[in-house]
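next comes the sequence, and after it the predicted model I'd like to discuss.
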Amino acid sequence: MELRHFLRAASKRERAEVAVVCNDSVSYLYQLAGKHRYASALMAARIEAMTREVASRSGGRLQAVPRESLVRYPEIYDREEPYLMVAEERP
């Protein structure tokens, strides 16, 4: 599910839960959804985790937002290992 569809289907409280976990506002989430801004890899991972949690409580009404749809270069997620672990392994 894309972030813009998630935000449209989510209640005001559900949108606020996602924004609080990411230390941002709901309006910033709308900027990400409209592709006016792109999330960092860490922010995208946080949004994916929180939308998955909110979606699990929605009774099938919502789905998780994949982090690949939130970053400018989604090819960083083509690897087997998570992006953040690869960055930590560098010498």
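Sure thing, it's come through.

now Ser58: closest residue in space that isn't a chain neighbour?
Nearest non-adjacent residue to Ser58, counting by C-beta to C-beta, 6 or more residues apart in numbering: Glu14, 7.3 Å away. Yep, even glycine has a C-beta here, placed from its N, CA and C like the rest.

longest helix anywhere in this structure?
For the chain, the helix with the greatest residue count under DSSP state H is helix 41-57.

so which strand or helix has Val18?
If you go by DSSP states H and E, Val18 is part of helix 12-21.

contacts for that helix, please.
7, 10, 25-26, 28-29, 46-47, 49-51, 54, 58, 62 (C-beta atoms under 8 Å, 6 or more residues apart in numbering).

name the nearest of those relative to Met1.
Using C-beta to C-beta, Leu62 is the member of the contacts of helix 12-21 that lies nearest Met1, at 7.0 Å.

how close does the residue nearest to the closest one when sequence neighbours are not counted get to Arg15?
Spatial nearest neighbour of Leu62, chain neighbours left out: Ala55 (4.1 Å); criterion: C-beta to C-beta, 6+ apart. Distance, Ala55 to Arg15, by C-beta to C-beta, to the nearest Å: 13 Å.
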